[in-house]
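1. Below are the sequence and a predicted model; questions follow.
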Amino acid sequence: MATSSPTTQGSPAPLHSPVPLRSHPPRDNRIALLMLAPVLILLTIFVIVPTISAIYLSFFNWSFYQASEFVGLRNFVNVLTDPEFRAAIRRGLLFVLMTLPVQLLLSFLIASFVTGVGRRLATTLKIAVYIPTIISAVITSITFALIYEYSGGLLNAVVGLVGIEDQAWIGDVRLALPAIAVPAIWMGLGLMTLIMIAAMLDVPESFYEAAQLEGANWWQRTRYITIPQMKNVLLYLLITGFVAAIQQYELPLVMTGGGPLDSTTLPNLFIFNHFRGDAYQGYSIAAALLLFLVLGAVSALIFRVLNSEKLVD
């Protein structure tokens, strides 16, 4: 008697034989590198190479016209022990305190108002608030310098209506830095407001509907919904606003030239004056690198204190 094969006598064969899973082909990074190449080339030419060169030259008594001399850390020691540099850094931090909190508050209030009105009015308001951003800083400086003019200036004409004497707004040591802070706030308000508007529109409307059903007012909705949902955006604006404010350059250069009595000499203007006036540029390069360290340290401190976490939808 013929014996049958085990497959006919034993358990039936599976209806579908297992098919091996097809492995994914290896990723080809060449296209990604090709697309990133222009950015990487520009970054190398205009950022990485100049930074390395600046670090190298900071250890030399370097000049455009004379032979360089290696001096080690002497340039950094000279900058750190220079009371004028430390005063410029303190002045820059004070300028940040004058401008950044006001910008954040005004931008938040304007964005809250814009997101609560009709679409046509909201478009008009967004265009209006963004216009100062596209105006040249030099033109803004000249315009506000004319407004602050002691004799015949618009601001003195306005305050004179309420019995206040004419003020030397950009000629007084006490008033010059706050006077420069006003156009700085005006220039940075537009972009910050648009970013906040985009962040507010990204908050799910269901959150506000649920809060309204619970009887929450505007302040409660803002405090417990809007601000927490915008935490990462607010952190971004805080960092970029700080960096932009402490590096302000055009306004003091055009409006006051750093005066009176260096009361408006912010860090970048201080470095520029040394670069333009010194025969050797090692001091200016070292000061620029130290300012970079200050910006990085303060930015890292802000990240550390706020400890922002990625929001989960």
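-> Sure thing, it's come through. Residues are numbered from 1 along each chain as shown.

2. In contact with Tyr208, which residues?
-> Tyr208 makes contacts with 221, 225, as judged by Cβ atoms under 8 Å, 6 or more residues apart in numbering. From N, CA and C alone the C-beta is placed, and that goes for glycine too.

3. what pLDDT does Leu261 get?
-> At Leu261, the pLDDT value in this model is 89.

4. nearest spatial neighbour of it, skipping sequence neighbours?
-> With Cβ to Cβ, 6 or more residues apart in numbering as the criterion, Leu261 has its nearest non-adjacent residue at 5.5 Å, and that residue is Val173.

5. distance between the helix or strand hosting Leu237 and the chain's centre?
-> Under the criterion DSSP states H and E, the helix or strand holding Leu237 is helix 231-246. From the chain centre to the centre of helix 231-246 is a distance of 5 Å (Cα atoms, centre = their mean, to the nearest Å).

6. Ok, stretch 239-258 next?
-> 12 Å.

7. Just the buried residues of that stretch, please?
-> By 16 or more other Cβ atoms under 10 Å, the buried positions in stretch 239-258 come out as 239-242, 244-246, 248, 250-256, 258.

8. now do stretch 197-207
-> Going by neighbour count (16+ other Cβ under 10 Å), the buried part of stretch 197-207 is 197, 199-200, 203.

9. For Val233, state which of these is nearest.
-> Val233 has its nearest neighbour among these in Ala199, at 4.0 Å by Cβ to Cβ.

10. residues contacting the residue nearest to that closest one when sequence neighbours are not counted?
-> Spatial nearest neighbour of Ala199, chain neighbours left out: Val233 (4.0 Å); criterion: Cβ to Cβ, 6+ apart. Applying Cβ under 8 Å, 6+ apart, one finds that Val233 lies in contact with 195-196, 199.

11. In JSON lines: those, plus pLDDT.
-> Output for these, formatted as JSON lines (pLDDT from 0 to 100):
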{"residue": "Ile195", "pLDDT": "93"}
{"residue": "Met196", "pLDDT": "93"}
{"residue": "Ala199", "pLDDT": "91"}
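
12. Let me know the pLDDT of Leu7.
-> Slight slip there: residue 7 is Thr, not Leu. What the model reports as pLDDT for Thr7 is 48.

13. coming back round to it: a markdown table for the buried residues of stretch 197-207, including secondary structure and distance to Ser112?
-> Output for these, formatted as a markdown table (DSSP: H, G, I helix; E, B strand; the rest coil; distance: Cβ to Cβ, whole Å):
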| residue | secondary structure | distance to Ser112 |
| --- | --- | --- |
| Ile197 | helix | 9 |
| Ala199 | helix | 11 |
| Met200 | helix | 7 |
| Val203 | coil | 11 |
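
14. now, the most widely separated pair of those residues?
-> The two members of the buried residues of stretch 197-207 with the most space between them (Cβ to Cβ) are Ile197 and Val203, at 11.3 Å.

15. before we move on, the earlier item: next one, pLDDT for the residue nearest to Leu261 please.
-> Looking at Val173, its pLDDT reads 92.

16. so it touches Thr264, yeah?
-> No - with contacts counted by Cβ atoms under 8 Å, Val173 stays clear of Thr264, the gap being 9.2 Å.

17. list the contacts for the spatially most central residue of the chain?
-> By Cα atoms, centre = their mean, the mean C-alpha position of the chain lies nearest to Thr240, the distance being 1.5 Å. Going by Cβ under 8 Å, 6+ apart, Thr240 touches no other residue.

18. follow-up on the earlier one: report the mean per-residue pLDDT for the helix holding Leu237.
-> Taken as a whole, helix 231-246 has an average pLDDT of 90.
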